[in-house]
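Q: Build me a model from this:
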Amino acid sequence: MIDKIFFINHQWLWQTVITTLCIWLVFIWKERTKLRKKSFYVNCTISLIALLSLALIALKPSVKNSSTSFKLAIITNGYNNVQLDSLKKVYKKLTVYSYKENQALFPSYKHPETLFILGDGLQPYDLWQLDAINTIYIGGDAPKGISHFAYNTQNTVGNKALFSGKYVRPIKGHKLLLEDPAGKALDSIILNNDDSQEFQLSTNLKVKGAFVYQLVEKDSVDNIIKKDPLPLTIKEKQPLHFLIVNASPSFETKYLKNYLAEAGHKVLVRSRLTKDRYKYEYFNMENKPTIRFTQEELKTFDIVIIDLLSLTGLSNNAKNAFETSIKADGLGVFIQPESNLFNSRSRWYSFNFISNTKNTTSLEISPKNTISKFPFVFKNDISVESVLNDNSNIISGYKRVGIGRIGTSVLKNTFELQLKGKTEIYKQLWAITIESIGKKETPIIEWNSNLKIAYVNEPFSFELRATIENPIVTTKNYQIPIKRDIDIKDLWKGVTYPKSTGWNILQNNQDTTKIFKFYTINNSHWQTLKANNTIKSNKRYFGTNKPYVDTNNSTSKPINPLWFFIIFVLNLGYLWLVPKL
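A: Below you'll find the predicted structure:
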């Protein structure tokens, strides 16, 4: 029996024993005048029992009980009754719990021997409760509806907003419509009866502001099946100043410069014809400057697009000017990818890549269109920030260098999109790249979040870069705790739990003009998309985290400290009352 008892606060054992003995010895010394009397031994025994009771309250003894081990099944949304019945046949005493978000799954002293998860799974913020449990994720029926959806939540007036997604098990004849904030249909698509259908909707952006578009599903007679919000922040268009430098003319540059010029940007192109002979082209520019790559001349540009041969051929003075302009002036540099880039190990512009056998990719902005790429992807690196992804692989990314950015991609011959008539995809691809890498203002506060939409009473994580010391973040008059990144001193991270739907605001108390707006919805929206993300989180978590297995198959239950307190009071009462009788 003794080997089944252990102390929760075992780290205090020796201190408690020594303290108890010292107090007991003081009591014995106090009672020494009654040494020859029978009451001396009775009182010493009673006092020892009282002190031991007090010590046990502090140590919190628990009893291991192997007979109480059990198997537990947690059912979540989307679980399959057939799977549950099969488990019950195998495990006759299977305990079944219904999952409730953000609550304890079971008492801390009553851990199951094995736990099964049926259905979509637990929300990511509840998975930590299973760190020490032998867990088997079974899953359930694949959710029906929009399982993937991607769009750029930050866009610019004059651009075309693209909304791309995938619908699982659509009903033939149903329609998906993109509606503006006033309820006017902007674009639509008719669903078929395939197992899954990829779709894309689009609209031109004409007015700046924060808007909520709607993705509406209707049946064949125009009854609304569901309506999901699409928050979108549209900024005023700001023409940028581009410098494109090529060692030789290329089709990639030909189509890129035309797109930039049509978008209203100022573009200067320098292409080398022969040694020391260059061709200059000017778009939307009145003066016709040449370029000698000094820091003063580079200050006039927002983005430099340069191929690897031109970059490696720069003189030492030009390299220093580039590096200083990026660090100190915020210049954005995009390196046009080519085969030699992926083996380059230059000190200041190198990226780490890993081999990838795929020569094409499907980006989140347009999953049904493939784009040529080099057989590489970016290696996961804390210093690389993503611009474009293919699932979990970074296809285009950048590094921060001082207050500027330098980036590249593994995409190859993006101009082929235009040749195939995919002009809007081409424009969207480059618009996102330019927005990410271009020269930025140097605000005191810069906000960011990987989540497009927040849910009521669920964690919404965010980041802010702040040059001020100890920024204070508030929302609706209460402060949100934030913590500083261990590697990047001006990067802070926080989590908030929004209480109301609609637009919510985060602000910094030191500069209330720098706010961050995010949109909050309730759980009735984007259910399939949320379920699909939950399934991915559970598969990833239980696939990469080896569960802890208790080889003793035992559970433990703390002994109620009230019993020890009663014993202590009774013994203390005896010692107090007896001398008075």
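
Q: T324 sits in which helix or strand?
A: Secondary structure assignment for T324, by DSSP states H and E: helix 316-329.

Q: what's the domain layout of the protein?
A: 2-65+559-580, 70-141+531-553, 145-236, 241-437, 445-521 (automatic domain parsing).

Q: could these go into CSV alongside mean neighbour count and mean pLDDT?
A: (Glycine included, C-beta is placed from N, CA and C.) Rendered in CSV, the data for those read as follows (neighbours: other CB atoms under 10 Å; pLDDT from 0 to 100):
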stretch, mean neighbour count, mean pLDDT
domain 2-65+559-580, 14, 82
domain 70-141+531-553, 16, 83
domain 145-236, 16, 90
domain 241-437, 17, 88
domain 445-521, 15, 87
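
Q: Follow the chain on from the helix holding T324 and name the next helix or strand.
A: Following helix 316-329 toward the C-terminus (DSSP H and E): strand 332-336.

Q: I'd like the secondary structure assignment at I57, please.
A: State at I57, reduced to three classes by DSSP: H, G, I helix; E, B strand; the rest coil: helix.

Q: pretty sure it contacts F565?
A: Yes: using CB atoms under 8 Å, I57 is in contact with F565, at 6.4 Å.

Q: joint contacts of these two?
A: Common contacts of I57 and F565 (CB atoms under 8 Å, 6 or more residues apart in numbering): none found.

Q: Return the set of residues that bridge with the residue lying closest to L451 once chain neighbours are set aside.
A: Excluding its sequence neighbours, the residue lying closest to L451 (CB to CB, 6 or more residues apart in numbering) is F460, at 6.1 Å. Taking DSSP bridges as the rule, F460 bridges to T496.

Q: how far away is F460 from E416?
A: 39 Å (CB to CB, to the nearest Å).

Q: And the residue nearest the centre of this structure?
A: N450 (5.4 Å; CA atoms, centre = their mean).

Q: how close does that one sit to N523?
A: Taking CB to CB, one finds N450 at 20 Å from N523.

Q: can you tell me which helix or strand E252 belongs to?
A: Counting by DSSP H and E, E252 is part of helix 251-262.

Q: Tell me which strands the helix or strand just after that helix pairs with, and in which orientation.
A: Scanning forward in sequence from helix 251-262 by DSSP H and E, the next helix or strand is strand 266-274. Here strand 266-274 is paired, per DSSP bridges, with strand 241-246 (parallel), strand 277-283 (antiparallel).

Q: Adding distance to K34, write those strands out as JSON lines.
A: Listed next are the strands paired with strand 266-274 as JSON lines, based on distance: least, CB to CB, whole Å:
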{"stretch": "strand 241-246", "distance to K34": "99"}
{"stretch": "strand 277-283", "distance to K34": "108"}
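
Q: H265: which of those strands is closest?
A: Smallest distance to H265 across those (CB to CB): 5.7 Å, for strand 241-246.

Q: hey, where'd the strands end up in the stretch 301-450 of the chain?
A: 303-307, 332-336, 353-355, 360-362, 370-372, 376-378, 384-390, 393-401, 404-409, 445-448 (DSSP state E, counting those that start in this stretch).

Q: mind giving me a markdown table with the ones you listed and columns for distance to A161?
A: Below are the strands of the stretch 301-450 of the chain laid out as a markdown table (distance: least, CB to CB, whole Å):
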| stretch | distance to A161 |
| --- | --- |
| strand 303-307 | 22 |
| strand 332-336 | 23 |
| strand 353-355 | 31 |
| strand 360-362 | 19 |
| strand 370-372 | 20 |
| strand 376-378 | 26 |
| strand 384-390 | 16 |
| strand 393-401 | 19 |
| strand 404-409 | 22 |
| strand 445-448 | 20 |
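
Q: Can you say which of those is nearest to D187?
A: Of all the strands of the stretch 301-450 of the chain, strand 360-362 comes closest under CB to CB, at 20.7 Å.

Q: List the pairing partners of the closest one within its sheet, with orientation.
A: By DSSP bridges, strand 360-362 pairs with strand 370-372 (antiparallel).

Q: now the strand it pairs with: how far from the chain's centre is it?
A: 27 Å (CA atoms, centre = their mean, to the nearest Å).

Q: for the helix or strand containing F518, packing partners?
A: Per DSSP H and E: F518 is located in strand 511-521. Under the contact criterion of 3 or more CB pairs under 8 Å, 6 or more residues apart in numbering; DSSP states H and E, strand 511-521 touches strand 224-235, strand 445-448, strand 454-455, strand 460-466, strand 502-508.

Q: ok, and what's touching the longest one?
A: Residues from elsewhere that reach strand 224-235, judged by CB under 8 Å, 6+ apart: 146, 151, 153-157, 161, 163, 174, 178, 205, 207-219, 452-453, 503, 517-519, 521, 525-526.

Q: how about a cut-off of 7 Å?
A: 151, 153-157, 161, 163, 174, 205, 207-219, 453, 517, 519, 521, 525-526 (CB atoms under 7 Å, 6 or more residues apart in numbering).

Q: Which ones among those residues map onto strands?
A: 154-156, 161, 163, 209-218, 517, 519, 521 (DSSP state E).

Q: one step back: between the strands of the stretch 301-450 of the chain, which gets nearest to L52?
A: Among these, strand 445-448 sits nearest to L52 (CB to CB), with 57.7 Å.

Q: Please identify the pairing partners of the closest one and their relative orientation?
A: Going by DSSP bridges, the partners of strand 445-448 are strand 460-466 (antiparallel).

Q: hang on, the earlier thing: run the angle between the helix holding T324 and strand 303-307 for me.
A: Taking axes from the mean of the first three to the mean of the last three CA atoms, to 10 degrees, one finds helix 316-329 and strand 303-307 inclined to each other by 140 degrees.
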